[in-house]
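Undergrad: predicted model and sequence follow; I will ask about them next.
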Amino acid sequence: MSAVETVEETITTPLSLTQEAADVVKDLIAQQERDDLALRVYVAGGGCSGLQYGMALDENIEQDDQVFESLGVRMVVDPVSLRYIVGSTVEYVASGMGGGFKVSNPNATGGCGCGSSFSAEGEEGGSSCGSGCGCH
């Protein structure tokens, strides 16, 4: 992918995937043997910093969901979550103990070291980390 394609995708999609994350999601969808699944990315209350990210393969698209594509993966975000994660990038991070998805969010005002929890402007954060992943 050229730099121009990356910039165009950033401009035209509210949320993007890195190539490695897209490849992992495509593999997960292929394992399910279903072509009607999309990657739903959402934000829920909780986590050490007040809000936490969630992701699931979902076939249910609600009328007010934002539906778009990033690197060949259909993605879905509900309107409430979208306001917190617009402009974010979903990465896949491999480690010695396996791997997982991490959201790089330019809207986060604080977060935990493992990238699964964050706080945003105007939202109250959690009082302590407790998870051992290092809040900041």
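TA: Noted; the coordinates are in hand.
Undergrad: any chance you could map the helices in this protein?
TA: Under the criterion DSSP state H, helices of the chain are mapped to 3-12, 19-32, 79-85.
Undergrad: which stretch in those is the model least sure about?
TA: Of all the helices of the chain, the minimum mean pLDDT falls on helix 3-12 (a mean of 45).
Undergrad: quick one, what contacts the closest residue to residue 15 other than its chain neighbours?
TA: In this structure, residue 15 finds its nearest non-sequential neighbour in residue 88, 5.4 Å apart by Cβ to Cβ, 6 or more residues apart in numbering. Where C-beta positions appear, they are placed from N, C-alpha and C, glycine not excepted. By Cβ atoms under 8 Å, 6 or more residues apart in numbering, the contact set of residue 88 is 15-16, 103-107.
Undergrad: do that again at 10 Å, thanks
TA: Shown in contact with residue 88 (Cβ atoms under 10 Å, 6 or more residues apart in numbering): 14-16, 41, 43, 53, 77, 82, 103-108, 118.
Undergrad: could you find the closest non-adjacent residue to residue 34?
TA: What sits nearest to residue 34 in space, not counting adjacent residues and going by Cβ to Cβ, 6+ apart, is residue 59, at 7.2 Å.
Undergrad: just checking, that neighbour touches residue 39?
TA: No. Counting by Cβ atoms under 10 Å, residue 59 does not reach residue 39; the two are 11.4 Å apart.
Undergrad: can you check which residues contact both of those two?
TA: Joint contacts of residue 59 and residue 39 (Cβ under 10 Å, 6+ apart) are residue 76.
Undergrad: of the two, which one has the most company?
TA: Neighbour count, other Cβ atoms under 10 Å: between residue 59 and residue 39, residue 39 has more, with 24 against 12.
Undergrad: that one bridge partners, please.
TA: Beta-bridge partners for residue 39, by DSSP bridges, are residue 57, residue 75.
Undergrad: that one contacts residue 28, correct?
TA: Yes. Residue 39 is within contact range of residue 28, at 8.6 Å (criterion: Cβ under 10 Å).
Undergrad: no more questions from me, cheers.
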